[in-house]
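**Student:** turn this into a model:
(one chain, ligands or ions: 1)
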Amino acid sequence: MASHPVAVADPDRSKVLLQALSSVSSRVAAASAAVVALDDQSKSNPRPPRLVAVSKVKPASDIQILYEHAGHRHFGENYVQELVDKAGQLPQDIQWHFIGSLQSNKCATLAAIPNLFAVETVDAVKKARKLNDARNEDWQKLNVFIQVNTSGEHSKSGLAPGQDTVDVARYIVNECGRLNLLGLMTIGSIARSNAAADGEQNEDFTTLVKTKYLVESELGMNGLELSMGMSQDFEDAIKQGSTNVRVGSEIFGARPPRKTAD
Ligand SMILES: *Cc1c(COP(=O)(O)O)cnc(C)c1O
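**Tutor:** Prediction:
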């Protein structure tokens with residue numbers, strides 16, 4: 001492994017980050033235990049769910065701390081160049097998730113990252129094809145999630161929950177030998193999570209669950225995963241069957257406002 005030009009961790013920062021990760025991990029485990037107690041149907045899902053630490057705009061030294069001192073391996077990034085830079089600097093056994101908006105002209109760059117674990121935002125046949133074409137056949141298959149626009153908001157990317165999602169899933173399974181269809185992903189609407197506060201279900205998550213069953217029955221498969229839940233709603237998402245939560249600010253602290261260029 002190459003030596004990493006990652007800045008030495010500040011001990012105060014280490015303490016804060018390790019504490020935050022440990023607290024989120026306990027909450028994930030508790031929510032997951034509650035589901036196992038309640039719901040037979042979810043027993044086939046990975047338990048506890050995978051916790052993806054969303055490190056976008058945070059320094060590589062933050063990731064290094066959680067890698068080294070907490071043994072954490074799954075990290076999520078939104079911007080291709082930032083992911084390429086961090087993947088080059090940080091240990092090769094980190095399992096990266098790309099969770100940002102996916103552009104066709106960036107697919108080959110992403111697929112060339114050997115330790116990219118999953119692209120969570122595939123929303124078109126063309127992008128699946130480009131990822132597949134660019135993936136080295138000697139490497140392990142690249143996991144993909146299909147992003148579904150469960151809220152129907154025009155501002156959100158992702159495919160419509162019905163036939164469009166089935167069609168892209170079928171293409172990946174039948175035509176993309178270097179990709180593995182791991183599951184479906186939604187960003188969902190925080191407003192709906194808030195509205196669903198009192199024991200009600202978040203409709204976005206319900207829609208993703210239904211779409212998973214639709215895809216599984218249409219394709220004659222099962223065991224697809226669900227990537228849903230972020231800092232504000234990961235416990236609810238787990239209770240509704242999430243197997244992969246993407247948590248940023250609850251671990252790394254608030255992010256600066258997004259640059260308009262993104
Ligand atoms: C930024 C981001 C997250 C993490 O958001 P937090 O609210 O900070 O947990 C999760 N998923 C996606 C797709 C994101 O862009």
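**Student:** quick one: Arg246 is in a strand?
**Tutor:** Yes: assessed with DSSP: H, G, I helix; E, B strand; the rest coil, Arg246 lies in a strand.
**Student:** so it is in contact with Val54, correct?
**Tutor:** Yes: shown here, Arg246 and Val54 form a contact pair, counting by C-beta atoms under 8 Å, at 5.2 Å. Just so you know, the C-beta spots here come from the backbone N, C-alpha and C atoms, and that holds for glycine as well.
**Student:** which neighbours do the two have in common?
**Tutor:** Gly76, Ile99, Met230 (C-beta atoms under 8 Å, 6 or more residues apart in numbering).
**Student:** what residues are up against Glu175?
**Tutor:** Glu175 makes contacts with Ala128, Arg129, Asn132, as judged by C-beta under 8 Å, 6+ apart.
**Student:** Arg27: neighbour count?
**Tutor:** 17 (other C-beta atoms under 10 Å).
**Student:** now Leu83, nearest residue through space, not along the chain?
**Tutor:** Glu77 (4.0 Å; C-beta to C-beta, 6 or more residues apart in numbering).
**Student:** distance of the one you found relative to Asp10?
**Tutor:** The gap separating Glu77 from Asp10 is 22 Å, by C-beta to C-beta, to the nearest Å.
**Student:** sorry, back to before: mind listing which of the shared contacts of Arg246 and Val54 are in strands?
**Tutor:** The strands, defined by DSSP state E, take in Gly76 from the shared contacts of Arg246 and Val54.
**Student:** ok, and which of the shared contacts of Arg246 and Val54 reach the ligand?
**Tutor:** Ile99, Met230 (C-beta under 6 Å from any ligand atom).
**Student:** would a markdown table of the shared contacts of Arg246 and Val54 with distance to Glu68 be doable?
**Tutor:** Below are these laid out as a markdown table (distance: C-beta to C-beta, whole Å):
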| residue | distance to Glu68 |
| --- | --- |
| Gly76 | 18 |
| Ile99 | 23 |
| Met230 | 25 |
